[in-house]
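A.B. asks: model this:
(one chain, ligands or ions: 2)
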Amino acid sequence: MVVISQNPTMKMEKIRDDIELPIINLCNRSEAMKEMVKACEEYGFFKVINHGVPQGIISQVEEEARGFFAKPGPEKMRAGPPYGCKNIGLQGDVGEVEYLILQTNSPFIIPTDESNKFRSAINAYVEAVRKLACDILDLLVEGVCGSEGGSALSRLMRDSENDSILRLNHYPAGEVSKIGFGEHTDPQIITLLRSNGVEGLQISVQDGLWVPVNPYPDSAFCVNVGDILRVMTNGRFVSVKHRVAVQAYESRMSIAYFVAPALHATVSCLPGLGLPLYRSFTWGEYKQAVYTGRLADTRLNLFALPSHHNL
Ligand SMILES: O=C(O)CCC(=O)C(=O)O
Ligand SMILES: [Fe+2]
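C.D. replies: Ligands and ions are numbered 1, 2, ... in the order given. Predicted coordinates:
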C-alpha cells in the first residue's frame, strides 16, 4: 500500500555532484545533432546555448511570473485554474510548489492580469520556444533516422490541435529536506525548461542516485526527453526521472514548455528502429494513464509489449 504523506521529504538517497550535463551549442548544427543524440541516450537531459530565444522575451515572462507569484495567496487562489498550489496531479501527490498551467494552443486568461501584460509576454515566449522545440526535434530525428526521418516529430507539434502546455513553477525558499516537486518523468515528447538561476532540479541517473542540475550557464535552456519520445525512439532515448528540492534561502522559479501531440495523434516507434518495445497508442490514451496514476509511476510499463514479441 502507498502511504500518502502530506509533506513529502527527501529520502536519504545518494547525491552525485560530479556529473555535468552536456552544454550543447546550437550554432554548430552537425556537432549539436550528434551531441544531443548522445545526451538523450545517456541522460535524457542536456542544456542548449545559442538557442535563438531572445533574452528580452525570457526576462519579460520571468518578471511577470515573479510579479504574479508575489501576490497575496488569497488573490492567487481567487484566480482559480490555471493557478494551483501544492497539489500535483489528481491522485493526492503534493509538493512545496505553486504553479500556473496554461494550454498554449488555445486562448487563456490569467484572471489577475488586468493589463494583459502577462499574457502578451507568455505568447511571445511560447512562439519563440515552439520554434526552438521544432528545431531540436528535427535535429534529433535526423540524428536517429537520418534525413529520411524528415519532420516526423516536429509535425506532431505543428498540428493545430497539439496539446502542448506551459507550466510556471514557483518553489518558495524553505526547509531543504522538503520536496518541491516529487520524482516523475515528463509524459510528453520533450520539455524545454528555464530556471531563475536557483538550484533545486535533480535527475535520477540510476535508482537511488540523484544528480543535481546546476542552473548555469544563465542563458541556457535545459531540455529533457519525455515518455513519448522514448516510445518513438524505441527506447533508445531515455525519459529520466527528475524532482525538485526546496532551497533554504532562495525561491526557485521555473518555466517548462511541454511539447505534446494532438489528443487523437497516434504515437508509435519511428521506422527502422527495430521491433517495437511498446504498442501504439494515442496521446489522449496516454494522458488518461497519467491522470489516473501517481506522479512517480512508470506508466510506460502499461504499454510495453511482452518480451517474447522481441525474440
Ligand atoms: O521546476 C523544475 O525545475 C522542474 C519542474 C518539472 O519537472 C515539471 O514541471 O515537470
Ligand atoms: Fe518534469
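A.B. asks: Residues of the stretch 201-311 of the chain that sit close to ligand 1?
C.D. replies: Contact residues, the stretch 201-311 of the chain versus ligand 1 (Cβ under 6 Å from any ligand atom): L201, H242, V244, S254, A256. No exception for glycine: its C-beta is placed from N, CA and C like everyone else's.
A.B. asks: Cross the residues you listed against strands and list the overlap.
C.D. replies: Within those, residues falling in strands by DSSP state E are L201, H242, V244, S254, A256.
A.B. asks: tell me the contacts of the third one?
C.D. replies: So that's V244. V244 is in contact with G95, V97, N169, Y171, I179, G180, F181, G200, L201, Q202, R252, S254, counting by Cβ atoms under 8 Å, 6 or more residues apart in numbering.
A.B. asks: now the first one
C.D. replies: With contacts defined as Cβ under 8 Å, 6+ apart, L201 is in contact with L193, S195, P212, V213, P215, C222, H242, R243, V244, S254.
A.B. asks: What separation do you get for it and R243?
C.D. replies: Distance of L201 to R243, computed by Cβ to Cβ, to the nearest Å: 8 Å.
A.B. asks: What of the last one?
C.D. replies: For A256, the distance to R243 (Cβ to Cβ) stands at 13 Å.
A.B. asks: and if you look at the fourth one?
C.D. replies: The spacing between S254 and R243, counted by Cβ to Cβ, is 12 Å.
A.B. asks: Which one's more surrounded, the two?
C.D. replies: Remark: of S254 and R243, S254 carries more neighbours, 25 against 21, as counted by other Cβ atoms under 10 Å.
A.B. asks: The more buried one reaches R194, doesn't it?
C.D. replies: Yes - between S254 and R194 a contact is recorded at 6.5 Å, counting by Cβ atoms under 8 Å.
A.B. asks: next one: stretch 196-212 to chain centre, how far?
C.D. replies: Taking Cα atoms, centre = their mean, to the nearest Å, one finds stretch 196-212 lying 14 Å from the centre of the chain it belongs to.
A.B. asks: Quick check: end-to-end length of it?
C.D. replies: This stretch, stretch 196-212, spans 15 Å end to end (Cα to Cα, to the nearest Å).
A.B. asks: Please verify my assumption that N169 contacts M253.
C.D. replies: Yes - using Cβ under 8 Å as the test, N169 is close enough to M253 to be in contact (6.8 Å).
A.B. asks: The two: which has the busier surroundings?
C.D. replies: N169 (24 against 20).
A.B. asks: Quick one: residues in contact with the host helix or strand of that one.
C.D. replies: When elements are assigned from DSSP states H and E, N169 belongs to strand 165-171. Applying Cβ under 8 Å, 6+ apart, the external contacts of strand 165-171 come out as 65, 68-69, 96-104, 122, 125-126, 180-181, 200, 244, 246-247, 251-258, 260.
A.B. asks: Repeat that for stretch 285-297.
C.D. replies: Stretch 285-297 is contacted by residues 2, 88-93, 163, 182-184, 187, 227-228, 241, 260, 263, 267, 299, 302-303 when judged by Cβ under 8 Å, 6+ apart.
A.B. asks: how much distance is there from that stretch to the middle of the chain?
C.D. replies: The chain centre lies 15 Å from the centre of stretch 285-297; the measure is Cα atoms, centre = their mean.
A.B. asks: Got the phi and psi for H184?
C.D. replies: As for H184, its main-chain torsions (degrees, to the nearest 10) stand at phi -170, psi 160.
A.B. asks: quick one: pLDDT of the residue nearest to it when sequence neighbours are not counted?
C.D. replies: Nearest in space to H184, with sequence neighbours left out and distances taken as Cβ to Cβ, 6 or more residues apart in numbering, is L295 at 4.7 Å. What the model reports as pLDDT for L295 is 93.
A.B. asks: how near is L295 to G92?
C.D. replies: 9 Å.
A.B. asks: From the neighbour counts alone, determine which of these two ranks first.
C.D. replies: A count of neighbours by other Cβ under 10 Å puts L295 above the other of L295 and G92, at 19 against 13.
A.B. asks: What residues does the residue of the chain found nearest ligand 1 make contact with?
C.D. replies: In the chain, the residue that lies nearest ligand 1 is S254 (3.3 Å; Cβ to the nearest ligand atom). With contact set as Cβ under 8 Å, 6+ apart, S254 has these partners: L168, N169, L193, R194, S195, N196, L201, V244.
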